[in-house]
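A.B. asks: Provided below for reference: sequence and predicted model.
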Amino acid sequence: MKIICIGRNYSEHAKELNNEVPTEPVIFMKPKNALLLADKPLYYPEFTDDLHYECEVVVKINKNGKYIQEKFANKYYNEISVGLDFTARDLQEKQKKKGLPWEIAKAFDGSAAVGSFLPITPEIDLKNIHFQLKKNDTIVQDGNTKDMIFSINKIIEYTSKFFTLNIGDLIFTGTPAGVGPVNVYDKLEGFLNGKKLLDVDIR
Ligand code: MG
(Lines give C-alpha, C1' and ligand atoms only; values in the text may rest on other atoms or scores of the structure.)
Protein backbone atom coordinates (compact mmCIF):
# COMPACT_ATOMS: atom_id res chain seq x y z
CA MET A 1 0.00 0.00 0.00
CA LYS A 2 1.28 3.45 -0.89
CA ILE A 3 0.18 6.99 -0.26
CA ILE A 4 0.34 9.29 -3.26
CA CYS A 5 0.09 13.01 -2.58
CA ILE A 6 -0.53 15.93 -4.89
CA GLY A 7 1.11 19.26 -4.12
CA ARG A 8 -0.06 22.74 -5.18
CA ASN A 9 -3.44 21.64 -6.50
CA TYR A 10 -5.26 24.79 -5.35
CA SER A 11 -3.88 28.04 -6.76
CA GLU A 12 -4.57 30.09 -3.60
CA HIS A 13 -2.46 27.63 -1.61
CA ALA A 14 0.37 27.61 -4.20
CA LYS A 15 0.45 31.41 -3.88
CA GLU A 16 0.48 31.44 -0.07
CA LEU A 17 3.71 29.40 -0.11
CA ASN A 18 5.18 31.51 -2.96
CA ASN A 19 5.06 28.61 -5.42
CA GLU A 20 4.15 28.81 -9.08
CA VAL A 21 0.78 27.41 -10.11
CA PRO A 22 1.77 24.11 -11.79
CA THR A 23 0.93 23.07 -15.33
CA GLU A 24 1.24 19.35 -14.45
CA PRO A 25 0.39 17.68 -11.12
CA VAL A 26 3.17 17.79 -8.50
CA ILE A 27 3.48 14.29 -7.02
CA PHE A 28 5.21 12.96 -3.94
CA MET A 29 4.69 9.83 -1.86
CA LYS A 30 4.57 8.71 1.73
CA PRO A 31 5.36 5.17 2.90
CA LYS A 32 2.98 2.88 4.75
CA ASN A 33 4.36 3.88 8.16
CA ALA A 34 3.25 7.46 7.51
CA LEU A 35 -0.35 6.38 7.96
CA LEU A 36 -1.83 7.68 11.22
CA LEU A 37 -4.76 5.49 12.01
CA ALA A 38 -8.13 6.87 13.01
CA ASP A 39 -8.26 8.45 16.45
CA LYS A 40 -4.55 7.97 17.20
CA PRO A 41 -2.69 11.09 18.38
CA LEU A 42 0.29 12.50 16.52
CA TYR A 43 3.32 13.01 18.74
CA TYR A 44 5.03 16.27 17.76
CA PRO A 45 8.28 15.14 16.08
CA GLU A 46 11.52 16.28 17.68
CA PHE A 47 13.13 17.18 14.34
CA THR A 48 10.87 20.15 13.56
CA ASP A 49 9.85 23.42 15.16
CA ASP A 50 7.19 24.21 12.56
CA LEU A 51 4.78 21.33 12.07
CA HIS A 52 1.88 22.30 9.76
CA TYR A 53 -1.52 20.81 8.98
CA GLU A 54 -2.75 20.50 5.38
CA CYS A 55 -6.32 19.26 5.14
CA GLU A 56 -7.07 17.34 1.93
CA VAL A 57 -9.70 15.19 0.28
CA VAL A 58 -8.47 11.58 0.14
CA VAL A 59 -9.66 8.80 -2.18
CA LYS A 60 -9.03 5.09 -1.75
CA ILE A 61 -8.15 2.99 -4.79
CA ASN A 62 -10.29 -0.15 -5.13
CA LYS A 63 -8.98 -1.62 -8.38
CA ASN A 64 -5.48 -2.22 -9.74
CA GLY A 65 -4.56 -0.19 -12.81
CA LYS A 66 -1.91 1.40 -14.97
CA TYR A 67 -2.32 3.96 -17.78
CA ILE A 68 -5.85 4.70 -16.62
CA GLN A 69 -7.65 7.16 -18.88
CA GLU A 70 -9.37 10.10 -17.25
CA LYS A 71 -12.78 9.01 -18.58
CA PHE A 72 -12.47 5.59 -16.84
CA ALA A 73 -10.74 6.83 -13.68
CA ASN A 74 -13.97 6.92 -11.64
CA LYS A 75 -14.06 3.09 -11.79
CA TYR A 76 -10.86 2.92 -9.71
CA TYR A 77 -12.11 4.39 -6.41
CA ASN A 78 -15.36 4.22 -4.49
CA GLU A 79 -14.58 5.71 -1.08
CA ILE A 80 -13.65 9.20 0.03
CA SER A 81 -12.52 10.95 3.19
CA VAL A 82 -10.50 13.86 4.48
CA GLY A 83 -6.92 13.57 5.67
CA LEU A 84 -4.05 15.62 6.99
CA ASP A 85 -0.77 15.86 5.09
CA PHE A 86 1.40 16.83 8.07
CA THR A 87 4.44 18.80 6.98
CA ALA A 88 7.60 19.89 8.78
CA ARG A 89 7.53 23.27 7.05
CA ASP A 90 10.95 24.34 8.30
CA LEU A 91 12.61 21.20 6.89
CA GLN A 92 10.62 21.48 3.66
CA GLU A 93 11.74 25.09 3.12
CA LYS A 94 15.35 24.04 3.70
CA GLN A 95 15.06 21.16 1.22
CA LYS A 96 13.28 23.32 -1.36
CA LYS A 97 15.99 25.98 -1.19
CA LYS A 98 18.63 23.36 -1.87
CA GLY A 99 16.54 21.67 -4.58
CA LEU A 100 16.47 18.43 -2.57
CA PRO A 101 13.64 15.89 -2.09
CA TRP A 102 11.01 16.54 0.58
CA GLU A 103 10.61 13.14 2.22
CA ILE A 104 12.08 14.07 5.61
CA ALA A 105 9.59 16.95 5.76
CA LYS A 106 6.55 15.13 4.42
CA ALA A 107 6.80 11.35 4.70
CA PHE A 108 7.76 10.74 8.33
CA ASP A 109 5.88 8.31 10.60
CA GLY A 110 2.35 9.53 11.33
CA SER A 111 2.45 12.28 8.68
CA ALA A 112 -0.64 11.01 6.83
CA ALA A 113 -3.74 11.11 9.01
CA VAL A 114 -6.88 9.73 7.38
CA GLY A 115 -10.47 9.95 8.58
CA SER A 116 -13.16 7.33 8.23
CA PHE A 117 -14.16 6.67 4.63
CA LEU A 118 -17.57 7.31 3.10
CA PRO A 119 -18.82 5.33 0.13
CA ILE A 120 -19.16 7.54 -2.96
CA THR A 121 -22.88 7.60 -3.60
CA PRO A 122 -24.60 9.42 -6.50
CA GLU A 123 -25.43 12.30 -4.11
CA ILE A 124 -21.72 13.09 -3.76
CA ASP A 125 -20.66 15.47 -6.53
CA LEU A 126 -16.89 14.96 -6.69
CA LYS A 127 -16.45 18.34 -8.36
CA ASN A 128 -18.26 20.12 -5.53
CA ILE A 129 -17.13 18.66 -2.22
CA HIS A 130 -17.00 21.10 0.64
CA PHE A 131 -14.37 20.24 3.24
CA GLN A 132 -13.17 21.97 6.35
CA LEU A 133 -10.59 21.71 9.08
CA LYS A 134 -11.20 22.93 12.60
CA LYS A 135 -8.33 23.56 14.98
CA ASN A 136 -9.44 23.88 18.57
CA ASP A 137 -13.03 24.56 17.41
CA THR A 138 -12.08 27.33 14.95
CA ILE A 139 -12.32 26.77 11.18
CA VAL A 140 -8.81 27.20 9.76
CA GLN A 141 -9.26 25.69 6.28
CA ASP A 142 -12.39 25.81 4.17
CA GLY A 143 -12.09 24.32 0.70
CA ASN A 144 -14.10 22.99 -2.20
CA THR A 145 -12.95 20.49 -4.81
CA LYS A 146 -14.36 22.80 -7.51
CA ASP A 147 -11.20 24.89 -6.96
CA MET A 148 -8.83 22.01 -7.74
CA ILE A 149 -6.42 22.68 -10.59
CA PHE A 150 -6.36 18.95 -11.48
CA SER A 151 -9.53 16.91 -10.83
CA ILE A 152 -9.42 13.54 -9.05
CA ASN A 153 -9.80 11.73 -12.38
CA LYS A 154 -7.06 13.80 -14.02
CA ILE A 155 -4.76 13.02 -11.06
CA ILE A 156 -5.43 9.29 -11.49
CA GLU A 157 -4.71 9.47 -15.22
CA TYR A 158 -1.45 11.31 -14.63
CA THR A 159 -0.10 9.32 -11.65
CA SER A 160 -0.97 5.94 -13.21
CA LYS A 161 1.34 6.70 -16.15
CA PHE A 162 4.25 6.41 -13.74
CA PHE A 163 2.98 4.14 -10.95
CA THR A 164 0.67 1.16 -11.00
CA LEU A 165 -2.23 1.94 -8.68
CA ASN A 166 -3.11 -0.93 -6.35
CA ILE A 167 -6.15 -1.72 -4.25
CA GLY A 168 -5.85 0.09 -0.92
CA ASP A 169 -3.58 2.91 -2.15
CA LEU A 170 -4.57 6.34 -0.93
CA ILE A 171 -4.43 9.57 -2.92
CA PHE A 172 -4.20 12.88 -1.07
CA THR A 173 -5.52 15.40 -3.58
CA GLY A 174 -3.93 18.64 -2.34
CA THR A 175 -4.72 21.31 0.21
CA PRO A 176 -6.56 24.61 -0.17
CA ALA A 177 -5.25 27.88 1.31
CA GLY A 178 -5.03 28.37 5.05
CA VAL A 179 -2.28 25.94 6.06
CA GLY A 180 -0.69 26.71 9.41
CA PRO A 181 1.15 25.44 12.46
CA VAL A 182 0.00 23.04 15.12
CA ASN A 183 1.15 22.79 18.71
CA VAL A 184 1.09 20.15 21.39
CA TYR A 185 -2.46 19.78 22.82
CA ASP A 186 -4.12 21.10 19.64
CA LYS A 187 -7.23 19.26 18.50
CA LEU A 188 -7.86 18.91 14.75
CA GLU A 189 -11.19 17.88 13.23
CA GLY A 190 -11.88 17.30 9.55
CA PHE A 191 -15.28 17.56 7.85
CA LEU A 192 -16.53 16.51 4.42
CA ASN A 193 -19.82 18.03 3.26
CA GLY A 194 -20.48 18.91 6.90
CA LYS A 195 -19.88 15.41 8.23
CA LYS A 196 -17.08 14.95 10.75
CA LEU A 197 -14.74 12.16 9.59
CA LEU A 198 -11.38 12.94 11.20
CA ASP A 199 -10.14 13.61 14.70
CA VAL A 200 -6.45 14.06 15.54
CA ASP A 201 -4.91 15.26 18.79
CA ILE A 202 -1.37 16.58 18.83
CA ARG A 203 0.59 15.37 21.85
MG1 MG B 1 -0.41 18.59 0.86
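C.D. replies: Looks like it came in fine. Residues are numbered from 1 along each chain as shown.

A.B. asks: Tell me the residue of this protein that sits nearest the ion?
C.D. replies: Closest approach between the chain and the ion, counting by C-beta to the ion: D85, at 3.5 Å. All C-beta spots, glycine's among them, are computed from the backbone N, C-alpha and C.

A.B. asks: leaving aside the residues next to it on the chain, what's closest to A14?
C.D. replies: Of all residues not flanking A14 in the chain, R8 sits nearest, at 4.2 Å (C-beta to C-beta, 6 or more residues apart in numbering).

A.B. asks: Pull the contacting residues for the one you found.
C.D. replies: Applying C-beta atoms under 8 Å, 6 or more residues apart in numbering to R8 gives the contacts 14, 17, 19-22, 26, 149, 174.

A.B. asks: filter those to the buried ones?
C.D. replies: Buried by 16 or more other C-beta atoms under 10 Å: 14, 17, 26, 149, 174, out of these.

A.B. asks: Lowest-scoring secondary structure element of this structure by mean pLDDT?
C.D. replies: Every helix and strand of the chain was ranked by mean pLDDT, DSSP states H and E. The lowest is helix 11-16, at a mean of 82.

A.B. asks: Tell me which helix or strand comes right after that helix.
C.D. replies: For helix 11-16, the succeeding helix or strand toward the C-terminus, using DSSP states H and E, is strand 26-30.

A.B. asks: can you give me the helices for the chain?
C.D. replies: Ranges of helices within the chain are 11-16, 89-98, 103-106, 152-162, based on DSSP state H.

A.B. asks: Quick check: residues of the chain near the ion?
C.D. replies: 54, 85, 175 (C-beta under 5 Å from the ion).

A.B. asks: Nearest to D137, out of those: which one, please.
C.D. replies: E54 (19.4 Å; C-beta to C-beta).

A.B. asks: Help me confirm that that closest one comes into contact with R89.
C.D. replies: No - applying C-beta atoms under 8 Å as the test, E54 and R89 come out as separate, 9.7 Å apart.

A.B. asks: quick one: which of these two has more around it?
C.D. replies: Taking neighbours as other C-beta atoms under 10 Å, E54 and R89 compare with E54 leading, 23 against 20.

A.B. asks: what's the spacing between the residue nearest to the more buried one when sequence neighbours are not counted and Y43?
C.D. replies: Residue nearest to E54 in three dimensions, not counting chain neighbours: T175, with 3.7 Å by C-beta to C-beta, 6+ apart. Distance, T175 to Y43, by C-beta to C-beta, to the nearest Å: 22 Å.

A.B. asks: same question, L198
C.D. replies: From L198 to Y43 the distance is 17 Å (C-beta to C-beta).

A.B. asks: and these two? which has more neighbours close in?
C.D. replies: L198 (25 against 12).
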